[in-house]
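Visitor: I would like to see how this sequence folds:
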Amino acid sequence: MTENTTSGRDSLRVFSSPDMYSLASKWSVEYNKLFPETKIKVVRVSDNKIDGSLFNEGDIGLISNEYFPGFENESVRKIVIGRDVIVPVINSKNPYLEEILGKGVSTEVLLKFLSNQDSQKWGILLKNNITTKANYIWINDESVSKGLSVFLNTDQINTAGIQMKTAEELISSIQKDPNAVGFCKLVNIMDLKSQGIAENIRLLPIDRNGNGIVDSNENIYEDLNAFSRGVWIGKYPKALISNIYSVSSGQMKNDSEIAFMKWILTDGQQYLYSKGYSDLLVTERQTSVDKLYDAKVNMGTTVGERSIFKPILFIIAVILLTVLLLDALVSYLKRKKTIVPIESTFSKSVPDENTLVIPKGIYFDKTHTWAYMEQNGVVRVGIDDFLQHITGTLTRISMRNAGDEFKKGEKILTVIQNGKQLNLYAPVSGTIKEKNKLLETNSSLINSSPYDAGWIYKIEPTNWGRENQLLFMADKHRQFIKNEFSRLKDFLASALVTETEKYSLVILQDGGELIDGTLSNLGPEVWDDFQTKFIDPSRQLWFYEMF
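Guide: Numbering: from 1, shown residues only. Below you'll find the model as predicted:
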């Protein structure tokens, strides 16, 4: 072992795999500049058999994919803190750019392309008769070569092409040559000033299913943000991703440990770039930070402490409940004259078309939003009871602002649950007169009262007379919901086909019925597929009906 110690008594010990030692030391130094009272000892472990047995409570390990197998057990807590991503890149002025972006390249054609120089033509990559030479530019980078070998399932990557000494030279060469193509790390093409991709560089899409088309669920290459999200939710080949992790012995309880990890996941992300790693998406960072504090709340007190806090927490809960009930009563009395009266929709029962609340007098859209015209001509819009039962309790929403104009079918809202999100669309066209500010601090109102306290906007409609003809009233919407439940089960069967055993208990109760909050325990990749395969197709139907 090699140690980098601080003076004084250590309050935190950080074990590092050899390849992570430089980054671990950098983080230690920068953190101590901000919090000198926290003493950190960084220990480099040279043994290739580094595993969870090294750790005591309060210790942290920083490891790469290479050492990750030693921590594959339930007693070790693992958090992704950064990653190394290998990407294929081309010149943004490539003469065949439109066709490249539409088709992408599969592993089959890439393997053929890299096999020898005679195959390095755009016609090989695009499966057509183009004879123009594709100038393959490469560098002798062990991690890039290893990642490509695993991705293409070959023992050796042929080095036929134009070799450069550094990643900077490779990028510069591709920027100057419209017919160039190469592989590098994602950090090599990042422009820190613009927080985007370097000038004259485009990501080359990968056709994962080999059908010759970049499908909607594969289309993550438009910009850096979309690509980073695609990497996070599993839409980019895993063989080209090498995560780096923080590992610890069980749930984190130590204050210093949690504080240091929060800093790594927030301000400390800026130091990843200089060490050759890509930072995490902001949403991914926040999700991990939230889990740190969940652990502190759930695990941070002893049994004795929890027994003392129980009566106090009970009293606080009673007071809060009383305040909430009084507030709800006052709000109800204020709204009684203008809001459609409906029963409470909050229920943990198994949802179906008979148990969902579907009020009469409200218009419903196929994208699971609703619209209701009040006596003054203003239209309230919101989310239907079906969708809130499927997502489970929402943790945050992102709304548009008063004065914004939109057309039917445009994005008006993003609902978020622990970093996982869905975009929802306007049931009618109009201008936002008011947004429900209560949702900014209590988004779960959408779950407990989707047609009442959980409304989203009040809008001034611009085409109500025509557009409401494309919406459903209660009876027709109930039949539509029945079909939606069947479509949902088909979606889940397809989306989870490779992990059925893992998720069957999560999404189904005895008898094969869906449980409430079906999506809440599923990963972000399933949410993204739900967006593109379930919500978005319904959005497209209204266009054909209108025209």
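
Visitor: all contacts plus neighbour counts: C-alpha atoms, from now on.
Guide: Noted.

Visitor: assign residue 261 to helix, strand or coil.
Guide: Classification of residue 261 using DSSP: H, G, I helix; E, B strand; the rest coil returns helix.

Visitor: and residue 372, how close does it get to residue 423?
Guide: 21 Å (C-alpha to C-alpha, to the nearest Å).

Visitor: no no, residue 14
Guide: 40 Å.

Visitor: who has more neighbours, the two?
Guide: residue 14 (25 against 18; other C-alpha atoms under 10 Å).

Visitor: check contacts around residue 427.
Guide: Counting by C-alpha atoms under 8 Å, 6 or more residues apart in numbering, residue 427 makes contact with 364-365, 367, 369-371, 381, 408-409, 471.

Visitor: cool, and residue 146?
Guide: So residue 146 contacts nothing (C-alpha under 8 Å, 6+ apart).

Visitor: residues near the closest residue in space to residue 205 that isn't next to it in sequence, how many?
Guide: Leaving aside its sequence neighbours, residue 205 sits nearest to residue 104 (C-alpha to C-alpha, 6 or more residues apart in numbering; 4.6 Å). The number of residues packed near residue 104 is 22, by other C-alpha under 10 Å.

Visitor: residue 464 now?
Guide: When neighbours are counted by other C-alpha under 10 Å, residue 464 comes out with 16.

Visitor: measure residue 433 to residue 457 for me?
Guide: Taking C-alpha to C-alpha, one finds residue 433 at 7 Å from residue 457.

Visitor: pLDDT on the helix or strand hosting residue 137, on average?
Guide: Assessed by DSSP states H and E, residue 137 sits inside strand 135-139. What strand 135-139 shows for mean pLDDT is 92.

Visitor: got the contact list for that strand?
Guide: 120-121, 159-167, 170, 173-174, 179-183.

Visitor: among the residues you listed, which ones are in helices?
Guide: 167, 170, 173-174 (DSSP state H).

Visitor: need the worst-confidence member of those.
Guide: residue 167 (92).

Visitor: show me what contacts it?
Guide: So residue 167 contacts 139, 184, 188 (C-alpha under 8 Å, 6+ apart).

Visitor: go on, residue 200?
Guide: Residue 200 touches 91-93, 175, counting by C-alpha under 8 Å, 6+ apart.

Visitor: out of these, who's nearest residue 449?
Guide: residue 92 (48.8 Å; C-alpha to C-alpha).

Visitor: what ranges do the helices span in the stretch 401-547 of the chain?
Guide: Applying DSSP state H, counting those that start in this stretch to the stretch 401-547 of the chain gives helices spanning 438-441, 445-448, 464-467, 474-495, 500-507, 524-530, 536-546.

Visitor: buried deepest among those, which one?
Guide: Neighbour counts (mean count of other C-alpha atoms under 10 Å) averaged over each of the helices of the stretch 401-547 of the chain peak at helix 445-448, with a mean of 22.

Visitor: helices or strands up against it?
Guide: Here helix 445-448 touches helix 385-391, going by 3 or more C-alpha pairs under 8 Å, 6 or more residues apart in numbering; DSSP states H and E.

Visitor: and the next helix or strand past the helix it packs on?
Guide: Counting by DSSP H and E, what follows helix 385-391 is strand 396-399.

Visitor: hmm, back to that, out of the contacts of residue 427, who's nearest residue 80?
Guide: residue 367 (34.0 Å).

Visitor: for that closest one, what are its contacts?
Guide: 424-425, 427, 535-536, 538-539.

Visitor: repeat that with 6 Å
Guide: Residues in contact with residue 367 (C-alpha atoms under 6 Å, 6 or more residues apart in numbering) are 535, 538-539.

Visitor: and it, which of the three is it?
Guide: coil.

Visitor: what's the pLDDT at it?
Guide: pLDDT at residue 367 comes out at 93.

Visitor: so residue 186 makes contact with residue 83?
Guide: No. Using C-alpha atoms under 6 Å, residue 186 is not in contact with residue 83, being 9.6 Å away.

Visitor: tell me which of the ones in helices among the contacts of strand 135-139 is nearest to residue 216?
Guide: Using C-alpha to C-alpha, the ones in helices among the contacts of strand 135-139 come closest to residue 216 at residue 174, 27.3 Å.

Visitor: what's the separation between the closest one and residue 414?
Guide: In terms of C-alpha to C-alpha, residue 174 sits 37 Å off from residue 414.

Visitor: higher neighbour count, these two?
Guide: residue 174 (23 against 15).

Visitor: wait, the more buried one sits on residue 180?
Guide: Yes. The pair residue 174 and residue 180 passes the contact test of C-alpha under 6 Å, sitting 5.2 Å apart.

Visitor: residue boundaries of the helices in the stretch 251-400 of the chain?
Guide: Going by DSSP H, counting those that start in this stretch, the stretch 251-400 of the chain shows helices at 255-265, 282-299, 303-335, 385-391.

Visitor: just the pLDDT at residue 341, thanks.
Guide: So, for residue 341, pLDDT stands at 43.

Visitor: try residue 481
Guide: Predicted confidence (pLDDT) for residue 481: 90.

Visitor: how about it, what does it touch?
Guide: Residue 481 sits next to residue 353 when contact means C-alpha under 6 Å, 6+ apart.

Visitor: over to residue 279?
Guide: 82, 269.

Visitor: and the gap between it and residue 243?
Guide: In terms of C-alpha to C-alpha, residue 279 sits 10 Å off from residue 243.

Visitor: residue 229 too?
Guide: Residue 229 is 14 Å from residue 243, by C-alpha to C-alpha.

Visitor: before we move on, back to that, least reliable of the helices of the stretch 251-400 of the chain by average pLDDT, please.
Guide: Among the helices of the stretch 251-400 of the chain, helix 303-335 scores lowest, with a mean of 58.

Visitor: list the buried residues in the helix or strand just after the strand holding residue 137.
Guide: On the C-terminal side of strand 135-139, the nearest following helix or strand under DSSP H and E is helix 142-152. Under the neighbour-count criterion of 16 or more other C-alpha atoms under 10 Å, helix 142-152 has 143-149, 151-152 buried.

Visitor: try stretch 116-126
Guide: In stretch 116-126, counting by 16+ other C-alpha under 10 Å, buried: 117, 119-126.
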